[in-house]
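**Q** Got a predicted structure here, sequence first:
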Amino acid sequence: MASSRTATKDIITLRGSAAIVSEFFGYSANSILYNRGVYPEESFVKVKKYGLPMLLTQDEGLKSFIANLTSQLSEWLESGKLQRIVLVIMSKATNEVLERWNFSIETDSEVVEKGVSREKSDKEIMREIQAIMRQIASSITYLPCLDEPCVFDVLAYTDKDVQVPFTWVESDPKLIDNPQMVKLHSFDTKIHKVNTLVSYKNDEWDEE
Amino acid sequence: MIVRTPPVKKRRGPEIESPPPSAAAGPLVIYEDHPSPSPHLQPTDDGSSHHMLCTYQCRQMVKSEFLDALSNAEKQVQDYQSRLEALNDNFRKVESERKKFRDQFLYTEQELSAAKGREKALQEQQLKEVHDFQERFSKQIRSYTELEVKLQTEINLRTKAETSAASAEKKASVLEGKLSHLSESIEREKRHLNNEIAHIKRESKLSVARITADLERMECRAHNAEKESQLLKGQLDDLKKQLSECLQQKSEAETKLTRFTFQEVNHTDNDILVKHLQEELRNFEAEVRAARKLKSSHEDVNLLKEKLLEEKGRRERAESELSKLQEFHPSMKKLEDELTSWKLMTKDIPGVSCCDDIPVKFGALQKEVIDSTKREGEATARLKQLEVALDAALIGKQNAETEAELMREKLEVTKSEVNRIELMLSRVTEERDKLRNDINEFKRAKSDGAGDEATSQSLLKELESSLAKKEGYIKELDSALFEQKQVNSCQREEIKSLNDRLKTEARKVKSLEREGDQLRSEISLLESKLGHGDFSAANTKVLRMVNTLTVDNEAKQTIEALRTELQKTKEKLQAVEELKSQSGEAGKLVDSDISGKIVQLKEQIATLEKREERYKTVFADRISVFRRACCELFGYKIVMDEHQRPNGIPVTRFTLQSIYAQSDNEKLEFEYESGTTNILANDYTSQREISQQVEIFIRKMNSIPAFTANLTVESFNRRTLS
């Protein structure tokens, strides 16, 4: 990532932005899978990132999965064809969708078309990402308990003309009927703006 | 002052220039000293100056006189000097006053220029404001015209929508009328049918009663007939007996008769007996006939019984049918009602000739309704937009009002300033008048006193000219004030008109605000939809990353668990076997127990092994699917073997065969060892073309995928082109 950034720290290029955003997805996926208990607690180790202690999985399968995911995402982000990334948490037994972690992406088309760069300091971006990470960690306070074994899936909303890569298949959007929604912070690299939102299955207990 | 000895100068003077004054003459005049230029102040003796020649002798004589005269003259000079001083003082005073006036004049001039500057600034500001107002006004007019156009279109739309709504309402009312008509007819029919039902019920009851009565009657008859039949049976039995007796008697009689015929002793008796017997026979025959009749009647009774049973069955059937009929009645009625209503509807609906047209008509009507509701919605939305625009205009008006207020305040300020300037002007005119008066006084004094003060006159003239200039300035100021007032009045009018327009604009502003709210709510709705995960299929597709983590994990875990279990059971088995061997016969007692357990464990093992087998087969299936998919996707059949090198190191060998291969020999062999893959030389790869490609792609570029892909394309081309 650092290599793609120019010497002046405040200048940000398309590649640099794509790297920041895809790295953010990797960390946030790790954080969500840890905080929501999709993978066992003991399979994560702490590392320092974004000025916070972040948790990274040690499960080899999951690690390679996330690595493949981030590399594909950065490729799409560089072409400006990625509209949204969704991490879907489903019940293992029934395949019912319980949570959708939405990361919608707005790409500055001028940067993609003309290859110009933008100006924003690393520090500021890191601060914005830190706020989102904090919110993800604190989301367990209001999200309903996942008291059954869960699995996850990653969906990518892309432009129509994107070629489907080998490890991806076309899919339905895996929506939740009548979901509760909580909007989280967003961050902006001046090239990619990422809005975060978590929607989850309406807990029946609330309505009774 | 009296000087005893005249100064040398004075003494010499007369020696040279003037003759000594004569003794007889009046006061002597010292010629060298011209006492003053003002001759009118010196009283002179007439013609005595001619005799003022003096000799040394007379000098002493003349001296005292002369001295007196001198002193007088000196006194006079002093008087003159004091007068001159007084005059000088006066002049200085006048000058200072003049200076004061001048200062005042300069001050007023400065003030005037300041006032002018202020006025200019004010004018510029006002001009600017007026410009702004005009621009804003023109903008608002433009927006107003746009809004008017919109309003017109809205009104048109609304009228259309209203007309459509009215037509829809009319249709609805017509349909309602039909509905009421239909309901009435239905009610009537219902009543009618109810009556009929009641009637039918009554009839059915009656018929049932009749049938039951008939049945009873028949039963009674049957009963009677049974009784009769029994009686008749008895009679029949009796008659049979009698008949048998009769037959016996007859046989006896016949035997007797035969005997008699043989004998024919007493023929006449016999005849009588025969006759008697014949009669008896006839009687018997009659009885037999009666018996036969009875028998037939008995058969009839049986028949009747059967008929009765049949009748009963029929009655039951009829009853069940009746209940069914009752059940059917309402549904039939309903169906009839529906049919009639539908018929009426079809008659009522315009443009419908048969049943098949109805759905089409319905579709058209639904479409119309949807369209009208849409139009209505649009119209209401537009109306709301207009309202919002009006609100916005109102706010603009309020702003303008505040601005107008500000302008008024400014006007008041300018007025006060004007008043101040007027006050200043009046003061200045007063001062001018005063100055004039002073000047007049001066003039008078001048005319009275010494008229030769040219300098003061010139000064006065200057003052006058400056005064005249001042007056000119004052006039200019007056005219400027007048203009200012005019401009102010114009501006006021403009402000008023602007206020009126602003009122309308403010309304527009409000309506625009409402529109904004509406749009915001729409945006929030859309955002929520977006958040929900909706997307337009036109420019977005959803991809899912293939996730085999859970499946792999599960399989791994279960296999692991099974292995550990197997290990454990094997250990247990071993332990048990050891125990068995150790304990020998003593352990035989425990044996049965243990053997049971062993059996159990073996069963467990068997099931576990089965499960493992199943997992293996599932895994093999998946693998084969994967291989097939690989073959389809990459165009190579891949065979994987484990080999051992001569030095015992295990290596994995992959043999690739392209699906476009033209012979079985076209094979690529690779060795995979600890993360590195190497191509092996064989007949196929040692061909010139292939070896070249191997050299380029694998050895130089270090890319096996590029090599295989290139090979695939080449063999594909060869296949398809050839």
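**A** Arrived safely.
**Q** Does A:Leu52 touch A:Ile132 like I think?
**A** No - A:Leu52 lies out of contact with A:Ile132 (CB atoms under 8 Å); the separation is 10.5 Å. Yep, even glycine has a C-beta here, placed from its N, CA and C like the rest.
**Q** Those two: who's more crowded?
**A** Higher neighbour count among A:Leu52 and A:Ile132: A:Ile132, with 22 against 17, using other CB atoms under 10 Å in any protein chain shown.
**Q** Report the contact partners of the residue of chain A found nearest chain B.
**A** Going by CB to the nearest CB, chain B is nearest to A:Ser171 of chain A, at 3.5 Å. For A:Ser171, the contact set (CB atoms under 8 Å, 6 or more residues apart in numbering or on different chains) comprises A:153, A:155, B:542-544.
**Q** run the last query once more with 10 Å
**A** A:88, A:153, A:155-156, B:541-546 (CB atoms under 10 Å, 6 or more residues apart in numbering or on different chains).
**Q** CA atoms only: put whatever helix or strand B:Glu642 lives in into CSV for me.
**A** For B:Glu642, the host element (DSSP states H and E) is strand B:636-644. Extracted in CSV, the C-alpha atoms of strand B:636-644 (Å, rounded to 0.1, in the frame of the first residue of the first chain):
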residue,chain,number,x,y,z
TYR,B,636,-7.3,-30.3,-19.4
LYS,B,637,-8.0,-33.7,-17.9
ILE,B,638,-5.8,-33.9,-14.8
VAL,B,639,-4.6,-37.2,-13.3
MET,B,640,-2.7,-37.1,-10.1
ASP,B,641,-0.3,-39.9,-9.0
GLU,B,642,2.0,-40.4,-6.1
HIS,B,643,5.5,-41.5,-7.1
GLN,B,644,8.6,-42.3,-5.3
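**Q** Which elements pack onto that strand?
**A** helix B:588-634, strand B:650-658, strand B:667-673, helix B:704-721 (3 or more CB pairs under 10 Å, 6 or more residues apart in numbering or on different chains; DSSP states H and E).
**Q** And the next helix or strand past the longest helix along chain A?
**A** For chain A, the helix that runs over the most residues, judged by DSSP state H, is helix A:14-35. Per DSSP H and E, the first helix or strand lying C-terminal to helix A:14-35 is strand A:44-49.
**Q** what is the orientation angle of that following strand with helix A:14-35?
**A** 140 degrees (axes from the mean of the first three to the mean of the last three CA atoms, to 10 degrees).
**Q** touching chain B at all, the following helix or strand past strand A:44-49?
**A** Under the assignment DSSP H and E, the closest C-terminal helix or strand after strand A:44-49 is strand A:52-57. No - judged by CB under 10 Å from any CB of the partner chain, strand A:52-57 stays clear of chain B, getting no closer than 10.6 Å.
**Q** Buried residues in strand A:52-57, which are they?
**A** A:52, A:54-57 (16 or more other CB atoms under 10 Å in any protein chain shown).
**Q** which residues touch A:Ile140?
**A** A:35-37, A:146.
**Q** What subset of the residues you listed is buried?
**A** Buried by 16+ other CB under 10 Å: A:35-36, A:146, out of these.
**Q** Just send those back as CSV, with pLDDT and distance to B:Thr153 too.
**A** Output for these, formatted as CSV (pLDDT from 0 to 100; distance: CB to CB, whole Å):
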residue, pLDDT, distance to B:Thr153
A:Asn35, 92, 55
A:Arg36, 92, 53
A:Leu146, 88, 54
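**Q** Check the residues you listed one by one and keep those near chain B.
**A** Answer for those near chain B: none qualify (CB under 10 Å from any CB).
**Q** need these in TSV with distance to B:Gly377, can you?
**A** TSV is the format used below for the buried ones among the contacts of A:Ile140 (distance: CB to CB, whole Å):
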residue	distance to B:Gly377
A:Asn35	44
A:Arg36	42
A:Leu146	42
